[in-house]
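[1] quick one: sequence plus predicted model below, questions after.
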Amino acid sequence: MTDTKGEAPADLAGISFEDALRELEAIVTSLERGDVSLDDAISAFERGTALKAHCQSRLEEARMKVEQIRLPVDGTPPTDSTPFSVDG
């Protein structure tokens, strides 16, 4: 379900953090209830793992963007920021 770099599958590229989290919560609820077959549980677990990785990646990107905001010494609001690049 993930590629060799540990990234989420391409079908998750366009999904928002909030939508991914909602889907992940629904999967967890379904698995906790135990009302799915073994095959469906395995598929749900794999999807959940990909969603978790996607959410973690989006949170890390947001954290890095926040860290790159340049705060002026005098405490005024920032006037610029360093562009963020996923590639580092």
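    Looks like it came in fine. Predicted, not measured: the structure shown is a model, and the values here were computed from it. Numbers count the residues shown, from 1 in each chain.

[2] helix, strand, or coil at D35?
    coil (DSSP: H, G, I helix; E, B strand; the rest coil).

[3] and it, how far from R47?
    16 Å (Cβ to Cβ, to the nearest Å). (C-beta placed from N, C-alpha, C; glycine too.)

[4] who's more crowded, those two?
    R47 (17 against 10; other Cβ atoms under 10 Å).

[5] can you tell me how far that one is from E32?
    Distance check for R47 against E32: by Cβ to Cβ, it reads 15 Å.

[6] which residues touch the spatially most central residue of the chain?
    In the chain, the residue lying closest to the centroid (Cα atoms, centre = their mean) is C55, at 1.5 Å. Listed by Cβ atoms under 8 Å, 6 or more residues apart in numbering, the contact set of C55 reads F17, A20, L21, L24.

[7] 10 Å instead, please
    Contacts for C55 were tallied using Cβ atoms under 10 Å, 6 or more residues apart in numbering; they are A8, L12, I15, F17, E18, A20, L21, E23, L24.

[8] could you check how far the residue in the chain sticking out farthest from the centre is from E61?
    Note on the chain: the largest separation between a C-alpha and the mean C-alpha position, by Cα atoms, centre = their mean, falls on D74 (34.4 Å). Per Cβ to Cβ, D74 is found 29 Å from E61.

[9] and what of V73?
    Applying Cβ to Cβ to V73 and E61 gives a distance of 27 Å.

[10] likewise for T29?
    27 Å.

[11] looking at the two, which is more packed in?
    E61 (13 against 10).

[12] so which bits of stretch 42-50 are buried?
    Residues of stretch 42-50 classed as buried: A44, R47, G48, A50 (neighbour count, 16 or more other Cβ atoms under 10 Å).

[13] may I have stretch 17-30 as CSV, with CA atoms only?
    Extracted in CSV, the C-alpha atoms of stretch 17-30 (Å, rounded to 0.1, in the frame of the first residue of the first chain):
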residue,chain,number,x,y,z
PHE,A,17,-5.9,15.8,6.5
GLU,A,18,-9.4,16.2,7.9
ASP,A,19,-10.9,13.7,5.4
ALA,A,20,-8.1,11.2,6.0
LEU,A,21,-8.6,11.5,9.8
ARG,A,22,-12.3,11.0,9.5
GLU,A,23,-11.8,7.9,7.3
LEU,A,24,-9.2,6.5,9.7
GLU,A,25,-11.6,7.0,12.7
ALA,A,26,-14.3,5.2,10.8
ILE,A,27,-11.9,2.3,10.1
VAL,A,28,-10.9,2.1,13.8
THR,A,29,-14.5,2.1,14.9
SER,A,30,-15.4,-0.7,12.5
